[in-house]
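A.B. asks: sharing a sequence plus its predicted fold:
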Amino acid sequence: MRAADVLRVVELFERALIDVWLDGGWGVDALLGEETRPHRDLDVIVRASDAGRVGEVLASAGFREQSRASERNFVLADARGCEIDVHAIEFDARGFGVFRLPDGRRWPFPSAAFLGLGLVAGRRVRCLSAEAQVQCHGQGYAPTEKDLCDMERLQARFGVVLPLSLCRQEQRTPGGA
């Protein structure tokens, strides 16, 4: 997924008056203001109240549903292989967000998580904050090398504290100090 593809998707959402925040790898790169690596997909967060319209809006640009973990988490792709992983979040009156996991648990996000601003190919976009990116990457799966690099970049730029699961560990030799 290239920067031009990301901007095309963001513009589709904006024209449809659907709020969108970048998450995952593109969210990290937006915060950093540069594309640091190739991206297989685009992770986005939308309001749960807009989830039903997301498929319609993206279908107009050739995207079709590929998989669905729940009504609030689904993946769409186009014929060129561009994938969009959609996460729909409920917001309360204070701006706090809650993502309902497929197993029914509720994952809360503070309102500050949705205040991230970044750049994709020089265009301002909304994204999860650096702190929220760390929270998302630090739970639910074993981080890959690219995840560790992304988190290290956020730490270097924004001073975020990484949980142990996102910290590289020194390899100690048996009997060594």
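C.D. replies: Ah, there it is.
A.B. asks: so what's the spatially most central residue of the chain bridging to?
C.D. replies: Nearest to the geometric centre of the chain sits Asp23, at 1.5 Å (Cα atoms, centre = their mean). Judged by DSSP bridges, the bridge partners of Asp23 are Asp43.
A.B. asks: right, and the helix or strand after the longest strand along the chain?
C.D. replies: Taking DSSP state E as the criterion, the chain has its longest strand at strand 83-91. Heading C-terminal from strand 83-91, the first helix or strand you meet, by DSSP states H and E, is strand 97-100.
A.B. asks: could I have the CA atoms of the next helix or strand after that following strand written out in PDB?
C.D. replies: Moving toward the C-terminus from strand 97-100, the next helix or strand (DSSP H and E) is strand 106-109. The C-alpha atoms that make up strand 106-109 are tabulated as PDB, following Å, rounded to 0.1, in the frame of the first residue of the first chain:
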ATOM      1  CA  ARG A 106     -14.100  -4.200  25.700                       C
ATOM      2  CA  TRP A 107     -10.800  -2.400  25.000                       C
ATOM      3  CA  PRO A 108     -10.900   1.200  26.200                       C
ATOM      4  CA  PHE A 109      -9.000   4.200  24.700                       C
END
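A.B. asks: in this structure the residue nearest to the centre of the chain contacts Val46, no?
C.D. replies: No: using Cβ atoms under 8 Å, Asp23 is not in contact with Val46, being 10.4 Å away. (Glycine included, C-beta is placed from N, CA and C.)
A.B. asks: what's the overlap in contacts for those two?
C.D. replies: His87 (Cβ atoms under 8 Å, 6 or more residues apart in numbering).
A.B. asks: show me the shaky parts of this protein.
C.D. replies: Applying pLDDT under 70 to the chain flags the ranges 140, 171-173, 175-177.
A.B. asks: where along it do the helices fall?
C.D. replies: Ranges of helices in the chain, per DSSP state H, are 3-15, 24-32, 51-59, 130-137, 145-158.
A.B. asks: list the contacts of the third one.
C.D. replies: Read it as helix 51-59. So helix 51-59 is in contact with 9, 12-13, 16, 18, 46, 63, 65, 71-72, 74, 76, 84, 86, 88, going by Cβ under 8 Å, 6+ apart.
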